[in-house]
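> here is my input; please provide its structure:
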Amino acid sequence: MAVRLEGVDSRDAAQALTGCDVQVDRSELAPTASGEYYWHDLIGLEARNREGAELGRVEGVLEMPAHPVLSSAASASGWCRWCPRGWWRWISTRAG
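Numbering: from 1, shown residues only. The predicted structure follows:
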């Protein structure tokens with residue numbers, strides 16, 4: 001995603017912001033196409049494996065070099081699980 005920030009008119013000015021967080025009001029985001037999601041839409045969703053066993057709730061998304069990875073903490077065991085994008089079977093934001 002490319003963005004242009006008001007008042008940041010040069011490469012040097014942009015480089016000075018490296019590592020800074022940028023927040024955008026949700027109403028300013030472009031709509032997603034079918035099958036596309038913003039990462040923040042996945043936080044809090046229930047995660048299950050292919051057999052339907054609960055893995056916990058999605059707690060975060062890590063931007064790894066090869067691909068994004070979802071993390072969840074199982075409520076009973078406390079284990080942290082990581083799920084690369086290729087392992088996702090489907091996503092239902094309605095199921096929660």
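> just for this structure, where's the confidence low?
For the chain, the stretches with pLDDT under 70 are 1, 73-96.
> could you rerun that using 50?
78-79 (pLDDT under 50).
> spatially central residue in it, please.
Closest to where the C-alpha atoms of the chain average out (CA atoms, centre = their mean) is residue 39, at 2.4 Å.
> and that residue, how far from residue 32?
11 Å (CB to CB, to the nearest Å). All C-beta atoms are positioned from the backbone trio N, CA, C, and that covers glycine.
> same check on residue 44?
In terms of CB to CB, residue 44 sits 17 Å off from residue 32.
> residue 15 too?
If you go by CB to CB, the gap between residue 15 and residue 32 works out to 30 Å.
> again with residue 9
Here residue 9 is placed at a distance of 30 Å from residue 32 (CB to CB).
> likewise residue 46?
On the measure of CB to CB, residue 46 and residue 32 end up 20 Å apart.
> again with residue 7
From residue 7 to residue 32 the distance is 28 Å (CB to CB).
> those two: which is more packed in?
residue 32 (10 against 5; other CB atoms under 10 Å).
> residues of the biggest strand by length in the chain that come out buried?
Counting by DSSP state E, the longest strand found in the chain is strand 54-63. By 16 or more other CB atoms under 10 Å, the buried positions in strand 54-63 come out as 55, 56, 57, 58, 61.
> tell me the strands beside it, with direction?
Strand 54-63 has the following strand partners under DSSP bridges: strand 46-48 (antiparallel), strand 68-73 (antiparallel).
> now, of these, which is deepest in the fold?
Sort the strands paired with strand 54-63 by mean neighbour count, taking mean count of other CB atoms under 10 Å, and strand 68-73 sits at the top with a mean of 17.
> grab the nearest non-local neighbour of residue 44.
Leaving aside its chain neighbours, residue 44 sits nearest to residue 57 (5.8 Å; criterion: CB to CB, 6 or more residues apart in numbering).
> is that neighbour bridged to anything, and to what?
residue 46, residue 73.
> so it versus residue 43, what's the distance?
Taken as CB to CB, the span from residue 57 to residue 43 is 8 Å.
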